[in-house]
Each structure stands twice: as structure tokens, then as C-alpha cells.
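Chemist: need coordinates for the below:
(one chain, ligands or ions: 1)
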Amino acid sequence: MTIQWFPGHMTKARRQIEGKLKLIDLVIELLDARVPLSSRNPMVDEILKDKPRIVLLNKADLADPAVTNEWVQFFKKQKLDALPIDSISGSQVQEILPRSKQLLKHKIDAQLRKGIKPRAIRSLIVGIPNVGKSTLINRLAGKKIAETGDKPGVTKAQQWIKIGTEMELLDTPGILWPKFEDQNVGIRLAATGAIKETLINLDDIAFHVIRYFLKEYPERLNERYGIEEVPEDLSDPNEIVNIMEEIGQKRGCIKRGGIIDLEKTSSIILREMRAGTLGRFSLETPGEDT
Ligand SMILES: Nc1nc2c(ncn2[C@@H]2O[C@H](COP(=O)(O)OP(=O)(O)OP(=O)(O)O)[C@@H](O)[C@H]2O)c(=O)[nH]1
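Modeler: Predicted coordinates:
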């Protein structure tokens, strides 16, 4: 599996962000709480350099809360303040301003000591496509500013949006790219809907999802599909395909001649997983190989 990504786009995106960095005090790095590393640009430190930064683990409403907690600790060790949020309901979004002020406290205090009234913190949201940048901008602004959608690559058009009196946000987010060369990253991003399904074989994505759920959340597969036994050897692809076929059989995905329709089965698994029918889940944990 290879995903084509024109290197020229990366250079252009990087230059655009570097141009904006000069205008701002703070970067808000948006990651998907279910896949914080896979949804992270591998060159982000190099691109953002020493610009103060807070990390937001977005879509935390969909992620496994225990694993999200582990990620918060992981980022803390890297001296990064990570905050789980849900941009749709707005849960924890109100924490962004106090955390930003805390991060820039030395600068704000220095201004106050000189008798200067601190100006609004200028910030920029950065993240890969479909991570929720526009949804967060709209939530912070309290109105619809940016175009949102569930298809990757919708964000377009720049001005400062006032977030109360203490923060201003650039209305156009910085678009980063994920680590495409890693097959696991591609699969996890396709599983969470961050990259177009057409780029990766549906069966491949569902295969990896089922294997992960068998390992981490077997009880969910039992509840939903009646999968009572977890195969001993999860590294054996046959075992995983057997489980997928069992699901297909139960869901009536049968082709002519009694053959299980794996593509239809995969499509059902992915749809139900994304709709939350299989419960809240994370597809990677800190320390695990990505
Ligand atoms: N459940 C949940 N869904 C979210 C959250 N934030 C965004 N979404 C959904 O994720 C999808 C992508 O959100 P956008 O705000 O369009 O993402 P974006 O990063 O601006 O995407 P591009 O325009 O492609 O760069 C939409 O369907 C949103 O409704 C969240 O916190 N929780």
C-alpha cells in the first residue's frame, strides 16, 4: 500500500505555516485523541521550533478515556501541556485560554512589570486534515467562521478572530500532513476517517481494526457481534479473517454460492466503529510501535 502525496504540497504547507509563525505568540496543535501519534506531523518540532505550544487531543468524546489519560502523561514528559477536548460539544474548550495564559505567563508578567497592558494572545491552530480545526475555530469564535465537513481537505481561505478580549486566532488554520510512509499510520488514519477510504483497501483497514479490538477491546466484539473467543495467535492473519467471516455470516453478508462478502463485512465494521456503536476506542497507546 502506498499513498501518493506530492512533496510540493508539503513544502508549500510548511512555508505557509512558517510565514504565520511570525505573527503569533502561541501554536495550538490539534491531534486526534484516538490516534495522537498517527495524526501528528513527524516534523512538527522542526516546523514550529521553540514557539510556545499547547497540544489539544480533539475528539476525546470518541476516544478511550483511560488511554487519553496515558497520552496526557506522555506529552507531559515531553514538557507539552496536552488537553483532551471535544470541539463539537465544547467540553474543556474553555480551558484553552487559561492554559495559554499560563504558558505565556513570563511574557505577560514582564509586560505588566513595565506597566504595559498585555495585548491579546495571538494564536494559530495547526493540524492534519479532518482533525477538527474548523470545528474548533467555530466553537472558539462562538459562530460559524470556517467551512467544516467530514471530507478531508475542506478548509480554505485570513483574518484575526477575537476570542473574548484576551485571545485572537488566525481564521485560517495551518494544515500539516501526516506520516504517510508508515503503513500503520495510513491504516489508523483511514480507520478514523482522516484520509479518504479510497486510498486504502477497505478490507485492510477492517482487518487491522478487528485485530486491534480483539487485543484491546474483545468484550465489545462479543457484545456487538457475538465473538466469544479471542484467537490465541493474533499475528496469524487467518485467525483474523476467520473472525471477519464470522461477523459477515452473522450480519448476512453472503454472496452467491454462500461465499462471505468480506468487503461488505468490512464496510459494516468500519461504519459501526466510526458511529460509536463499538463504544469509545483508541487505536494507539504510548510506547507502542506506531
Ligand atoms: N465527535 C467529534 N467529532 C468532531 C470533533 N471535532 C470535529 N469533529 C468532526 O470531524 C470532522 C472534521 O472536522 P473539521 O472541523 O472539518 O476538520 P478540519 O481539520 O477543519 O478539516 P480540513 O478542512 O479537512 O482541514 C467533522 O465531521 C466534524 O464534525 C470532536 O471533538 N468530536
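
Chemist: grab the nearest non-local neighbour of the most centrally placed residue in the chain.
Modeler: By C-alpha atoms, centre = their mean, the mean C-alpha position of the chain lies nearest to Asp32, the distance being 1.8 Å. Leaving aside its sequence neighbours, Asp32 sits nearest to Ser39 (C-beta to C-beta, 6 or more residues apart in numbering; 4.0 Å). (Each C-beta comes from the backbone N, C-alpha and C, glycine too.)

Chemist: in the worst-scoring helix or strand of the chain on mean pLDDT, what counts as buried?
Modeler: Within the chain, confidence by mean pLDDT, DSSP states H and E is lowest for helix 7-21 among all helices and strands, at a mean of 86. Neighbour-count burial for helix 7-21, with 16 or more other C-beta atoms under 10 Å as criterion, is recorded at Ala13, Arg14, Ile17, Lys20.

Chemist: distance to the ligand added to those, as TSV?
Modeler: Shown next, in TSV, are these (distance: C-beta to the nearest ligand atom, whole Å):
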residue	distance to the ligand
Ala13	11
Arg14	16
Ile17	13
Lys20	15
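
Chemist: pLDDT below threshold where in the stretch 1-150 of the chain?
Modeler: Across the stretch 1-150 of the chain, residues meeting the criterion (pLDDT under 70) sit at 1-7, 146-150.

Chemist: now the helices for it?
Modeler: Using DSSP state H, counting those that start in this stretch, the helices assigned to the stretch 1-150 of the chain run over residues 7-21, 44-48, 65-77, 96-103, 105-113, 133-141.

Chemist: which parts of this structure are strands?
Modeler: 26-32, 53-58, 81-84, 121-127, 160-163, 167-170, 174-175 (DSSP state E).

Chemist: looking at these, which is nearest to the ligand?
Modeler: The closest of the strands of the chain to the ligand is strand 53-58. By C-beta to the nearest ligand atom, the value is 4.8 Å.

Chemist: near the ligand at all, that closest one?
Modeler: Yes. Using C-beta under 6 Å from any ligand atom, strand 53-58 reaches the ligand at Asn58.

Chemist: so what does that strand touch, helix or strand wise?
Modeler: strand 26-32, helix 65-77, strand 81-84, helix 96-103 (3 or more C-beta pairs under 8 Å, 6 or more residues apart in numbering; DSSP states H and E).

Chemist: which helices and strands does the third one pack with?
Modeler: The one in question is strand 81-84. In this structure, strand 81-84 packs against strand 53-58, helix 65-77, helix 96-103, with contacts taken as 3+ C-beta pairs under 8 Å, 6+ apart.

Chemist: just the angle between the second one and strand 53-58, please?
Modeler: Taking axes from the mean of the first three to the mean of the last three C-alpha atoms, to 10 degrees, one finds helix 65-77 and strand 53-58 inclined to each other by 170 degrees.

Chemist: so what secondary structure elements neighbour helix 65-77?
Modeler: Under the contact definition 3+ C-beta pairs under 8 Å, 6+ apart, helix 65-77 sits against strand 53-58, strand 81-84.

Chemist: most packed of the ones you listed?
Modeler: strand 53-58 (a mean of 24; mean count of other C-beta atoms under 10 Å).

Chemist: what pairs with that strand, parallel or antiparallel?
Modeler: strand 26-32 (parallel), strand 81-84 (parallel) (DSSP bridges).

Chemist: figure out which of these is closest to Trp177.
Modeler: strand 26-32 (13.6 Å; C-beta to C-beta).

Chemist: so which residues make contact with the closest one?
Modeler: Strand 26-32 has contacts (C-beta atoms under 8 Å, 6 or more residues apart in numbering) with 21, 38-40, 44, 48, 51-59, 96, 100, 103-104, 121-127, 131-133, 136, 173-174, 192, 194.
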